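Undergrad: Need a 3D model of the following:
(2 chains)
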There are 2 protein chains.
Amino acid sequence: MALKWISVLLLIQFSCYFSSGSCGKVLVWPMEYSHWINMKTILDKLVSRGHEVTVLASSASILVDSSKSSAIKFEVYPTSLTKNDFENVFIKQITRWIYNCPKYTFWEYFSQVQEMLWNYGKCIKTFCEDVVSNKRLMTKLQESKFDVVLADAIAPCGELLAELLKVPFVYSLRFSPGYILEKHSGRLLFPPSYVPVAMSELSDQMTFVERVKNMIYMLYFDFWFQIFDLKNWDQFYSDVLGRPTTLFETMGKAEMWLFRNYWDFEFPRPILPNVDFVGGLHCKPAKPLPKEMEDFVQSSGENGIVVFSLGSMVSNITEERANVIASALAQIPQKVLWRFAGKKPNTLGSNTRLYKWLPQNDLLGHPKTKAFITHGGANGIYEAIYHGIPMVGIPLFAEQPDNIAHMKAKGAAVGVDFNTMSSTDLLNALKTVINDPFYKQNTMKLSRIHHDQPMKPLDRAVFWIEFVMRHKGAKHLRVAAHDLTWFQYHSLDVIGFLLTCVAAVIFIITKCCLFCFRKFVKTGNKEKKS
Amino acid sequence: MALKWISVLLLIQFSCYFSSGSCGKVLVWPMEYSHWINMKTILDKLVSRGHEVTVLASSASILVDSSKSSAIKFEVYPTSLTKNDFENVFIKQITRWIYNCPKYTFWEYFSQVQEMLWNYGKCIKTFCEDVVSNKRLMTKLQESKFDVVLADAIAPCGELLAELLKVPFVYSLRFSPGYILEKHSGRLLFPPSYVPVAMSELSDQMTFVERVKNMIYMLYFDFWFQIFDLKNWDQFYSDVLGRPTTLFETMGKAEMWLFRNYWDFEFPRPILPNVDFVGGLHCKPAKPLPKEMEDFVQSSGENGIVVFSLGSMVSNITEERANVIASALAQIPQKVLWRFAGKKPNTLGSNTRLYKWLPQNDLLGHPKTKAFITHGGANGIYEAIYHGIPMVGIPLFAEQPDNIAHMKAKGAAVGVDFNTMSSTDLLNALKTVINDPFYKQNTMKLSRIHHDQPMKPLDRAVFWIEFVMRHKGAKHLRVAAHDLTWFQYHSLDVIGFLLTCVAAVIFIITKCCLFCFRKFVKTGNKEKKS
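TA: Modelled structure (predicted):
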């Protein structure tokens, strides 16, 4: 037994030393729900390669759970918020988003989105304040001598901790509304003529009207929408760091941005060298299902099964909506596995079983699976892409409508509206993706693209984190745009100077011509007079 | 013996089938000199993976030599040019470039560069015409059913052949002057505020004056400089393809662009998903030197050696320049190996040996090597980076001054001017890079970056060529910008429309206000009168 453990330990050490220099110490600033599920895959891999991974978890953490046995270390810090407070912020906002936002106009909708983000941002700022003002904790972190901070860019603070601890940091990010963080901190370029703004639900193939819409979205996000209460954040960062700075400036120091996306999901667009697309890094081959579930799946025969989940944040919906959905599901020949924690709908068919939790990846990878009904979360969509399962999208909030719009544009999904759909709408959508080979073919194409990358997404994510540890950064990948002010970046000073030069030349030439003309006319007149 | 051959064949087949589907057929449209040396590395690797590689070589080929034994197939086509004609085009132009161009003003210099490129382009067009008008050859190529065309983008025709043969194509490219091809065909973005224009000799850290200079370069290349006689090429492509098209449009159909560059050499800038940076793919560990050479190298003792080459295109220089150089070399304590085919200089020191050819990579990888005197060709610079050898740059033509400017900016080289340098200048430059640890440290840093990539450059190049064969293209990496006209791409129609809307709204509001004002004034006046 001892020998076995020694060999396991040796193997771990070996895997770390073999290709990545000595093992390192990673500090993690995580986000909740699907963000954590995704990041944990990276952390587990880092641990398996011998690195020491410490996650900063607040006492109000929801999914970032230190009680579960894991080789990951958790540094739990006390916070004034309770788990309930924090959970309520999400649940209240998501409920509002799902049931109210769709009724709003553009302006009202994004005002609501901004308000929700600010409320969420307030919680994150409280956590951040609770960490940086906790002297005992900060001393412990300083003494731990971390090699890198891995942070979710949508939950600021990781960059502040990295600055305070004087270590480089790497971001994981799915997206930010209107690509605000990617543009302002990451200095990425998004030409509005062919890159649809995040949350616009547009594709890269836009008509003139859609391009006008996209431009308006871009202007709105560039000049109006504020992702967080920046005035407050900027002041906070300046106070803590003891010098005038901003949130975006501090975020701009990221060594690498690991986007949870790839070109099977995203539309091709300009990128920068310190960006890698590691979407779907959590996907893996399916494991066998629990006995009862496998029996139910097998009972579907030739027709196969449909997997249905609205994600880790929504386990319940209104009775009316549940009945509409259940009635549609009852009419298909497939067996349905539905992740649902609410009251059993009256219209539930015998072909449908409710589960409080589903082994989603294992079900999507099952040979009997014909379709996936999804809210359009990025993790779920990637599992469907990985296993080549066409989707029916019922987007609910955040970037989900955008994700489903992407899948629709790529011919891998049909979308229905959660609030307005009838049973027939859902039924037709299901029949379409199951029976029309167009959807299966397209999803299989995406699947082939996903599986055929020079290196697996998870390996690349780990490579770049280890690279930053090995080289204490990745400055050679950082564009010099970070050193420029916004008007220098857009060459406004240079354009202004050149236009002034041109104007001056035109002015001088005009003056010279006028002078010559007057001289000539005057001389002519004098001669005439004489 | 038979068994050995069977196992070798099986191994080849296996390596090809194992990770890349079935083996494919690759048609190659190459360029001469260093371009060919670089591309041949890829072709050898493709052959070793079991692919069938056919190179189209003209009867006037210089280095693309079908007579040398190789597993690569050569399809030699007759052309009206002789090898001498073709070689002379290069030699004459390079001599003019080296000795005359440095005396010119900006305008004269780039006019000369354009003329040289047009002359070179004429030869390439002759070759291209000779291929596409050769019915027997075209039929043979059609029947060969190639899976992909691999072409050097700086020598057009590969894309035309790919279109005619209806197969996807992949480019290899070091650069084009002012990034014309990359911008117009590849749709890459080069913000002038931090991306120095190719051939501007600027770095990414620019002062205001340098940014003005860079903007002028950009405007010049965008609106004045023509890389080839485009009118002629566009007409030729339209005639051959039987529909109105342009050279740039046809080139824009490339599935992948493999740039012979990486961020150890290039300054970070925006890229696109169908671009990979595979610079230094030809580099490899040093092999042992020939006995005589090794003895000479060992005789250098503690002082070590200096390697000196002006590349594959320049083996001779004027007597005066040779003497200046030789006299500087004679004054250093190192032994010098100089690739030089001219008359032995009178000032040649006993520490310097002349060679008609040098095993450059093996010498740069030798532990005794202290410095590399180079013309600044990309292949040589990459070998120096790979082995971590600081450089003295004597740039001669093409992008060489730019390459040396990059190495200077990265602290890995000192540059001297070929035409104006004195012996002391060269001597001081050599002493600096050998004795100042700054240069060795920086070159070693570049070397570490080069060796620490997620995947080796050659493997990535091969991966993408095989990917294009497997999937018959890589459309998922192609930005939708290719489907837009130039004014749509720059959103000029959208901006125009929005400005018109704003103007119309202002106009209507003004009119309404005026109308109300008049009505009010009139009514007021009437009331007063009454």
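Undergrad: Helix or strand: which one has A:G349?
TA: Per DSSP states H and E: A:G349 is located in neither a helix nor a strand.
Undergrad: any idea how far A:S34 is from the residue nearest to the spatial centre of chain A?
TA: For chain A, the residue nearest the mean C-alpha position is A:R174 (1.2 Å; CA atoms, centre = their mean). Here the criterion is CB to CB, to the nearest Å. By it, A:R174 lies 8 Å from A:S34. For glycine as for every other residue, the C-beta is placed from the backbone atoms N, C-alpha and C.
Undergrad: Over to A:V278?
TA: 15 Å.
Undergrad: neighbour count winner among the two?
TA: More crowded of A:V278 and A:S34, by other CB atoms under 10 Å in any protein chain shown: A:V278, with 26 against 20.
Undergrad: re earlier: got the contact list for the closest residue to the residue nearest to the centre of chain A other than its chain neighbours?
TA: Closest residue in space to A:R174, ignoring its immediate chain neighbours: A:R260 at 4.5 Å, by CB to CB, 6 or more residues apart in numbering or on different chains. Contacts for A:R260 were tallied using CB atoms under 8 Å, 6 or more residues apart in numbering or on different chains; they are A:38, A:172-174, A:278-279, A:281, A:378.
Undergrad: List the beta-bridge partners for the residue lying closest to A:S66 once chain neighbours are set aside.
TA: Spatial nearest neighbour of A:S66, excluding adjacent residues (CB to CB, 6+ apart): A:F74 at 3.2 Å. Assessed by DSSP bridges, A:F74 has beta-bridge partners A:V55.
Undergrad: Would you mind giving me the confidence score for A:F74?
TA: Predicted confidence (pLDDT) for A:F74: 94.
Undergrad: now the one 10 residues further on
TA: At A:N84 the predicted local confidence, pLDDT, stands at 91.
Undergrad: List the buried residues of the top helix by length along chain A.
TA: Taking DSSP state H as the criterion, chain A has its longest helix at helix A:492-529. By 16 or more other CB atoms under 10 Å in any protein chain shown, the buried positions in helix A:492-529 come out as A:493-494, A:497.
Undergrad: likewise stretch A:127-142?
TA: A:127-128, A:130-132, A:137-138, A:141.
Undergrad: on that earlier part again, relative to chain B, which of the contacts of A:R260 is nearest.
TA: Set against chain B, the nearest of the contacts of A:R260 by CB to the nearest CB is A:V278 (10.9 Å).
Undergrad: residue contacts, the closest one?
TA: Residues in contact with A:V278 (CB under 8 Å, 6+ apart) are A:258-260, A:262, A:457-458, A:460-461.
Undergrad: for the stretch 1-150 of chain A, what spans make up the strands?
TA: Listed in chain order, the strands of the stretch 1-150 of chain A (DSSP state E, counting those that start in this stretch) span A:25-29, A:52-58, A:73-77, A:148-152.
Undergrad: Find the one among these with the highest mean neighbour count.
TA: Across those, averaging neighbours per residue (mean count of other CB atoms under 10 Å in any protein chain shown) puts strand A:148-152 on top, at a mean of 27.
Undergrad: Okay, angle between that one and strand A:25-29 too, please.
TA: Interaxial angle of strand A:148-152 relative to strand A:25-29 (axes from the mean of the first three to the mean of the last three CA atoms, to 10 degrees): 20 degrees.
Undergrad: Any part of strand A:148-152 near chain B?
TA: No - judged by CB under 8 Å from any CB of the partner chain, strand A:148-152 makes no contact with chain B; its nearest approach is 15.1 Å.
Undergrad: Name the strands paired with that strand and say parallel or antiparallel.
TA: Next to strand A:148-152 in the sheet, as set by DSSP bridges, lie strand A:25-29 (parallel), strand A:169-173 (parallel).
Undergrad: The first one: how far from the chain's middle?
TA: By that I understand strand A:25-29. Relative to its chain's centre, strand A:25-29 lies at 19 Å (CA atoms, centre = their mean, to the nearest Å).
Undergrad: who touches it?
TA: Contacts for strand A:25-29 (CB under 8 Å, 6+ apart): A:39, A:43, A:46, A:51-56, A:141, A:144-152, A:155, A:157-158, A:161, A:165, A:167, A:465, A:469.
Undergrad: Please repeat the previous calculation with a cut-off of 6 Å.
TA: For strand A:25-29, the external contacting residues (CB atoms under 6 Å, 6 or more residues apart in numbering or on different chains) are A:46, A:51-56, A:146-151, A:157-158.
Undergrad: interface residues of the stretch 51-200 of chain A facing chain B?
TA: Within the stretch 51-200 of chain A, the residues that sit near chain B (CB under 6 Å from any CB of the partner chain) are A:189, A:192-194.
Undergrad: Export the residues you listed as TSV, with columns for distance to B:G415.
TA: Output for those, formatted as TSV (distance: CB to CB, whole Å):
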residue	distance to B:G415
A:L189	32
A:P192	41
A:S193	40
A:Y194	40
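Undergrad: Ranking by neighbours, what's the top pick from these?
TA: That'd be A:Y194 among these, by other CB under 10 Å, with 26 neighbours.
Undergrad: Mind pulling up the pLDDT for that residue?
TA: 98.
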